[in-house]
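Participant: Sharing a sequence plus its predicted fold:
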Amino acid sequence: MKTVYKGILALVVFGGLFTAGFCWRDLQQGRLPTARTVTTFLGMDSGGNALSIGQQFQQTFNKISGEYVRTTDSKRIKYAAIGGMMASLGDPHTAFLEPSIAREFDIETSAKFFGIGARLMPDPLGVKIANVFTNSPADRAGMKAGDTVTAIDGVVVAGKTPDEIADKIRGPKGTPVNMQVLRSGSSTPINIRAIRDQITTPTVEGKLVPVSEMGYLSVSQFSSPTAVQFLTEIKKLEESGIKGLVIDLRNNPGGLLNTASDMLALFGADKVVVSMKERAKTTVERTASGQVRQWKYPIVCLMNEDSASAAEIFAGCLRDYGISQIVGDHSYGKASVQNVLPLRDNASVKITIARYFLPTTPDIGRKVDEDGQYISGGLIPDFLVKIDPNSDFVPGDVKKDPQLSKAIEVLKSKG
């Protein structure tokens, strides 16, 4: 009981101090608080009517714009306010996306844009070409992996981020972009002119694992074209006579639920993908019928803590269907579904609309401590293999990738 009284007393004291602070200007000048001060404090207009949320925001915005000591940027204030609303929910997956971020997010999920078709890596002199997409404008112009782009249309790009440089390379279809390039073995810069075209980013890449007769398929994200690319690469590997398949989902942040569902339809018809519990209802996503194909070899999925969302759904369902096992480390544990809603100025908001549950796997929702460190959650692998941070780890290289090596071992045991 004493604890309750102390709590009430603390609230009274806090309320008194807060009220006194709010009215301090009037009290400091030796007068009682004005009616305007009191109604503002109570969230009312001068007529004593309660203000709506929009009116309160507008009133505060006007005060900042008119009285803050420095000139303000109204757009930044608006974006900060929206971001604050999202942050107050305590959900890292519900967020405000400013126009530039919203544009990049749209490109990422659609995997389509107008550019030259190359992956970029940071470089002190500008940006290094990680790889060139086959038959892309960059490929046709003679650009090679390892080239370093130092200037675009005559403007030096040293010190810029890859995203900033990518913005300069992208542009309307059919327009040229001129790049100054440094190439290993050449003492002078090379000028490369490419004509921008629509680019579909490769999100699935396949290869044969040497000696083992196993296929290796890396899926980097679940975007719009991923399902078609997945089937195309599978057919190529099967033509080579593979005896097993490793699907590498490590560092895959996820993407579109319908893409994961389309890919899972290749393994089973009318099967549950996820049950989504929204605020007032539960909906079930199921695979389509008529897409199932024959899989004449065993399959293993590779995952790590950066495998999330649709990647977890895909691997989790394959295991729940009894088709695949998981090798590697635990996945992220993102057991929620987001909807992206556009705003008028090309910004957007990404809002969690449901929690999802796999067909038979228990809740995989991530749990962290007060410092944000992982406690539990995600998909727990059937074969736990951690990567030594001090090792010369090279993903996809069976000699320097212990998780891939273990996956090959598992596949051979099923042969």
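Facilitator: Good, I have the coordinates. Keep in mind that what you see is a predicted model, and the values were worked out from it rather than measured.
Participant: How about the secondary structure of Ser224?
Facilitator: coil (DSSP: H, G, I helix; E, B strand; the rest coil).
Participant: Chain neighbours aside, what residue packs nearest to it?
Facilitator: Ser110 (5.2 Å; Cβ to Cβ, 6 or more residues apart in numbering). From N, CA and C alone the C-beta is placed, and that goes for glycine too.
Participant: The one you found: neighbouring residues, count only.
Facilitator: 14 (other Cβ atoms under 10 Å).
Participant: Could you do Pro225 as well?
Facilitator: Residues near Pro225, counting by other Cβ under 10 Å: 17.
Participant: Hmm, Lys112 and it touching each other?
Facilitator: Yes. Under the criterion of Cβ atoms under 8 Å, Pro225 makes contact with Lys112 at 7.4 Å.
Participant: shared neighbours of the two, which are they?
Facilitator: Residues touching both Pro225 and Lys112 (Cβ atoms under 8 Å, 6 or more residues apart in numbering) are Thr200, Thr201.
Participant: follow-up on the earlier one: can you tell me how far the residue nearest to Ser224 sits from Ala130?
Facilitator: Using Cβ to Cβ, to the nearest Å, Ser110 is found at 21 Å from Ala130.
Participant: distance of Asp167 from Glu104?
Facilitator: Per Cβ to Cβ, Asp167 is found 9 Å from Glu104.
Participant: Bridged to Met276, which residues?
Facilitator: Thr283, Tyr356 (DSSP bridges).
Participant: From here on, call the first residue 172.
Facilitator: Got it, first residue is 172 now, which makes that one Met447.
Participant: wait, what's in contact with it?
Facilitator: Contacts of Met447 by Cβ under 8 Å, 6+ apart are Thr453, Thr454, Val455, Glu456, Val508, Ala525, Arg526, Tyr527, Phe528.
Participant: again, only this time at 6 Å
Facilitator: By Cβ atoms under 6 Å, 6 or more residues apart in numbering, the contact set of Met447 is Thr454, Val508, Ala525, Tyr527.
Participant: Would you mind putting the CA coordinates of stretch 278-289 into PDB?
Facilitator: Extracted C-alpha coordinates of stretch 278-289, given in PDB (Å, rounded to 0.1, in the frame of the first residue of the first chain):
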ATOM      1  CA  ILE A 278      13.900  -0.800 -57.500                       C
ATOM      2  CA  GLU A 279      15.000  -3.500 -55.100                       C
ATOM      3  CA  THR A 280      11.600  -5.300 -54.900                       C
ATOM      4  CA  SER A 281      11.000  -5.000 -58.700                       C
ATOM      5  CA  ALA A 282      14.600  -5.700 -59.600                       C
ATOM      6  CA  LYS A 283      14.100  -3.500 -62.700                       C
ATOM      7  CA  PHE A 284      15.500  -0.100 -63.600                       C
ATOM      8  CA  PHE A 285      17.100   1.800 -66.500                       C
ATOM      9  CA  GLY A 286      20.900   1.700 -66.300                       C
ATOM     10  CA  ILE A 287      23.900  -0.200 -67.600                       C
ATOM     11  CA  GLY A 288      23.700  -3.600 -65.800                       C
ATOM     12  CA  ALA A 289      26.600  -4.000 -63.400                       C
END
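Participant: just how off-centre is it within its chain?
Facilitator: Distance, stretch centre to chain centre, for stretch 278-289: 15 Å (Cα atoms, centre = their mean, to the nearest Å).
Participant: contact partners of that stretch?
Facilitator: With Cβ under 6 Å, 6+ apart as the contact definition, stretch 278-289 has outside contacts at 300, 303-304, 307-309, 340-341, 344, 365, 367, 369-372, 374, 394-396, 426.
Participant: Give me the below-cutoff pLDDT ranges for the chain.
Facilitator: Residues of the chain meeting the criterion pLDDT under 70: 172-220.
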